[in-house]
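**Student:** starting from these lines, generate the structure:
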Amino acid sequence: MKRTLKSYHQRLFTPAFISLWVLITIIGVFHHTRSENIRLNTIKTNIDIITSRIVNLYETRSDDQAPGYISFIDNYFSTTEYYNLCISVFDVELGAPLCSMGFPLPPPKGITPNESYKYNVNEVSIKDAFYYREKYTSDRRVAVVALMPDGGSSLNSLAGEIWFFTFLFTLGAIMSLFAYWFTGYLARNIQNLRNFVDCAVKDENFDESFEFSDDELGEISHQIINLYNARSAAIEQTEKEHAAAIKAVEDRAKHRKQVTSNLSHELKTPLGIIKGYVETILASPGIDRQIARNFLEKTQHQIFRLQDLLNDISTITRLEDGEGSILLEKVDFYSLASDLTAEISETGLNEGKKLILDIPADCYVKGNANLLSAMLLNLTKNAVIHSGGDTIGLTLLEKNDTHYRFAFYDNGNGVSEEHLPFLFDRFYRVDTGRSRKVGGTGLGLSIVRHTVTSLGGEISAKNREEGGLEIDFSLPIWTDDNKQD
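**Tutor:** Numbers count the residues shown, from 1 in each chain. All right, here's what the predicted structure looks like:
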């Protein structure tokens, strides 16, 4: 991976580096060529000036100054790029040199040299010379010939431009470093994206603090990561929901299995009693009528118990399967509780226990009147049978923006703390022996819990400090927004 990332950086940096140094080379060559041309043209111009000056000396009859001037030129230029400049001044009529500088030059064409003038025609080639110049005085009495064999040392030329090339090289080095940094800056987005993709492919955790540049590429990179995060979150949520659904199915299957087991256990007792009484009556044709009647009454009692049990199971099943289809309406909870309390007292279901109702008259809840009546009746029966006290009450604890919270209580014995979490479970009995003697299906409080939760409330149980059991439950408040079509 690192080799690939480095290669990408190189693919960005190498063209930039090559282009930069090609440009610097072009600038250097152009500058050198231009400077060389200027230098060589300057040499030619200076040679022209020197020859014109010598001619001028002879034209103004200052020919006695010419040798001194030539000697001055020779000394002045001896350490410059003019060090190999050759100058010869000829008397045209005599064909002899008047003065010279450097090695002897042949006279111009058309001038017959003096026999005593010695020069080596092969020592210098006019054709191959860098610059050759001949100039006559206006009366053509004197000819000045100047020759530069070459354009001077190129080392001298380069020495004069060393500062420029130093500056150019330094600038190139600085720009190369900048290009390396800048291409690395551009490649960082790709590198981070590559690291991110590698982690995503391997489904590994990755550092979410990747630093991207503040540009379009950086924005695209952030969007890619955001899309991945959203996808990962969606997958994670789907997996959680799937796991929750599987667990719910497993719990439901376990719950049904437990319910079936409990139901089978609950049915065995009354069925066994019924079977025993019936078999006894059938096996004893001469049984006393009073005894037979007693057996039949007990059998009827067990049949009623079976009927109550099946009715309670049917109620719970409807509550579980039809929570979303329960008809919710405006219920005057005060009137419903008052009427039910009066009926219980009139029928004697309270078995002489005192009933206390402390609910305001304008207490309207969102619920179902039949379910709420059955719930309060189950709570009352449970308290009458199991509490051991002499007072049962229902009071409003508090009201918030959405719910009323009520307390159904008694002043009896309460229950042990270890039983409180299981009071609302199906067929759960605090005292199995006593519960069976006093009756009940073991489903009353379970029906109460399902009723409250199906209506959108919560329920819990606790022991009162002053004695007895308190069951707290909440019901939603009815508002105009709760109206159903």
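
**Student:** mind listing the strands for the chain?
**Tutor:** Along the chain, the segments classed as strands by DSSP state E run 86-91, 96-101, 131-136, 142-148, 329-332, 354-358, 364-367, 391-399, 403-410, 459-463, 469-476.

**Student:** what comes into contact with the last one?
**Tutor:** Same thing as strand 469-476. Strand 469-476 is contacted from outside by 333, 365-367, 372, 379, 383, 387, 397, 402-410, 412, 414-415, 448, 452, 455-464, 482, using C-beta atoms under 8 Å, 6 or more residues apart in numbering. The way it works is simple: take the backbone N, C-alpha and C, and place the C-beta from them, glycine included.

**Student:** show me what it pairs with in its sheet, parallel or antiparallel.
**Tutor:** Applying DSSP bridges, strand 469-476 is found paired with strand 403-410 (antiparallel), strand 459-463 (antiparallel).

**Student:** also the fourth one?
**Tutor:** Paired with strand 142-148 in the same sheet, following DSSP bridges, are strand 86-91 (antiparallel), strand 131-136 (antiparallel).

**Student:** give me the angle between that strand and strand 96-101.
**Tutor:** If you take axes from the mean of the first three to the mean of the last three C-alpha atoms, to 10 degrees, strand 142-148 sits at 40 degrees to strand 96-101.

**Student:** avg pLDDT for strand 142-148?
**Tutor:** The pLDDT scores in strand 142-148 average 90.

**Student:** neighbours around Asp358, how many?
**Tutor:** 12 (other C-beta atoms under 10 Å).

**Student:** use 25 as the first number from now on
**Tutor:** Fine by me, first position is 25 from now on; the one you just mentioned is Asp382.

**Student:** residues contacting it?
**Tutor:** For Asp382, the contact set (C-beta under 8 Å, 6+ apart) comprises 417-420.

**Student:** for stretch 376-383, what is the average pLDDT?
**Tutor:** Averaging pLDDT along stretch 376-383 gives 90.

**Student:** got the CA positions of that stretch in PDB?
**Tutor:** What follows is stretch 376-383, C-alpha atoms only, in PDB (Å, rounded to 0.1, in the frame of the first residue of the first chain):
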ATOM      1  CA  GLY A 376     -66.800  -6.200  54.400                       C
ATOM      2  CA  LYS A 377     -63.600  -4.400  53.600                       C
ATOM      3  CA  LYS A 378     -63.700  -0.600  53.500                       C
ATOM      4  CA  LEU A 379     -63.400   0.900  50.100                       C
ATOM      5  CA  ILE A 380     -61.800   4.400  49.700                       C
ATOM      6  CA  LEU A 381     -61.900   6.400  46.500                       C
ATOM      7  CA  ASP A 382     -59.900   9.700  46.200                       C
ATOM      8  CA  ILE A 383     -60.100  10.800  42.500                       C
END
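
**Student:** hmm, back to that, please identify the most buried of the strands paired with strand 493-500.
**Tutor:** Most buried of these, by mean neighbour count (mean count of other C-beta atoms under 10 Å): strand 427-434, with a mean of 22.

**Student:** the inter-axis angle of it versus strand 415-423?
**Tutor:** With the same axes, to 10 degrees defining the directions, strand 427-434 sits at 160 degrees from strand 415-423.

**Student:** dump strand 427-434 to PDB, restricted to CA.
**Tutor:** Extracted C-alpha coordinates of strand 427-434, given in PDB (Å, rounded to 0.1, in the frame of the first residue of the first chain):
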ATOM      1  CA  HIS A 427     -50.500  11.000  32.100                       C
ATOM      2  CA  TYR A 428     -52.300  10.500  35.400                       C
ATOM      3  CA  ARG A 429     -50.600   8.400  38.000                       C
ATOM      4  CA  PHE A 430     -52.800   6.400  40.400                       C
ATOM      5  CA  ALA A 431     -52.200   4.200  43.400                       C
ATOM      6  CA  PHE A 432     -54.300   1.100  44.300                       C
ATOM      7  CA  TYR A 433     -53.400   0.100  47.800                       C
ATOM      8  CA  ASP A 434     -54.500  -1.900  50.900                       C
END
